[in-house]
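Chemist: No sequence on hand, only this structure:
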């Protein structure tokens, strides 16, 4: 079965607000967790990753939080823009496996 | 840097027919992946190549799907015969590093995908 899954299939936010997309995972053996963004008609695009021994990692306007106690991670997008509208996927990777395993996505809609 | 190229972008066939998809990864990327993405779902790995060798094909339906990467560059994914449930987007991705502890190994660069409709 799936090792990662999103909490909500859809999320709608107002432009300028912060967005939080949540993901749960089941496999404690995951070494990395990765967030991808997929726009309509395109392939997924890497956003940010976090190693399993970290709690937080920040990028440009994005922050990923990892809570290993409850096997939960989140992607926070600051000051959400219309261009952030897309489907967001969390994925996990084990170093010795190489591949990334994706969950089903959350569709983020940004209202102007 | 040129991205991952895939063709065709769209293909419509009838069940039991055959189809082939082509992928040209980013130059120098040793690892190539084929994922299947059914509408409304996340991508599911079909096969992973490291250069011209298969690393993982455990989820590839080998009775109808085949893939090759003969010279360690381009790759072809074939379906024969196609079934209705094969309707999906077939995504090719590549990465420069595989199976290491480096964060960069997580960066898969995807092509735009080939959308298959089986009637």
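Modeler: Nice, thanks for sending it over. Worth saying up front: this structure is predicted, and the values here are computed from it rather than measured.
Chemist: Please name every helix or strand in contact with the helix or strand where residue A:34 lies.
Modeler: Per DSSP states H and E, residue A:34 falls inside strand A:32-38. With contacts defined as 3 or more CB pairs under 8 Å, 6 or more residues apart in numbering or on different chains; DSSP states H and E, the packing partners of strand A:32-38 are strand A:19-25, strand A:45-51, strand A:62-67, strand A:86-93. The C-beta positions use only the backbone N, C-alpha and C, and glycine is treated the same way.
Chemist: how about 7 Å then?
Modeler: The contact analysis (3 or more CB pairs under 7 Å, 6 or more residues apart in numbering or on different chains; DSSP states H and E) places strand A:32-38 against strand A:45-51, strand A:86-93.
Chemist: between those strands, which gets nearest to residue B:21?
Modeler: Relative to residue B:21, the nearest member of the helices and strands packed on strand A:32-38 by CB to CB is strand A:45-51, separated by 20.2 Å.
Chemist: In the closest one, which residues are buried?
Modeler: Applying a neighbour-count criterion of 16 or more other CB atoms under 10 Å in any protein chain shown, one finds A:46, A:47, A:48, A:49, A:50 buried in strand A:45-51.
Chemist: where does the least confident helix or strand in chain B by mean pLDDT sit relative to the chain's centre, distance-wise?
Modeler: Evaluated with mean pLDDT, DSSP states H and E, the helix-and-strand set of chain B has its lowest mean pLDDT in strand B:53-56, which scores a mean of 93. Its chain's average C-alpha position is 13 Å from that of strand B:53-56, according to CA atoms, centre = their mean, to the nearest Å.
Chemist: got the contact list for it?
Modeler: Residues from elsewhere that reach strand B:53-56, judged by CB atoms under 7 Å, 6 or more residues apart in numbering or on different chains: A:98, A:99, B:45, B:47, B:48, B:49.
Chemist: Could I have the ChimeraX command that selects the buried members from those?
Modeler: Written as a ChimeraX command, the selection of buried residues from the contacts of strand B:53-56, which uses 16+ other CB under 10 Å, is:
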select /A:98,99 /B:45,47,48,49
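Chemist: can the contacts of strand B:53-56 go into a markdown table with extra columns for pLDDT?
Modeler: As requested, those are arranged in a markdown table below (pLDDT from 0 to 100):
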| residue | pLDDT |
| --- | --- |
| A:98 | 73 |
| A:99 | 83 |
| B:45 | 96 |
| B:47 | 97 |
| B:48 | 95 |
| B:49 | 94 |
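Chemist: ok, so of the contacts of strand B:53-56, who is nearest residue A:85?
Modeler: Closest to residue A:85, out of all of the contacts of strand B:53-56 and judged by CB to CB, is residue B:45, at 26.6 Å.
Chemist: From residue A:18, how far off is that closest one?
Modeler: Distance from residue B:45 to residue A:18, counting by CB to CB, to the nearest Å: 32 Å.
Chemist: which residues of the chain score low on pLDDT?
Modeler: No chain in the question, so chain A it is. A:1-2, A:6 (pLDDT under 70).
Chemist: my bad, the chain I had in mind was chain B
Modeler: Checking chain B against pLDDT under 70 turns up B:1, B:98-104.
Chemist: Apply 90 and report the result again.
Modeler: B:1-2, B:51-52, B:70-72, B:96-107 (pLDDT under 90).
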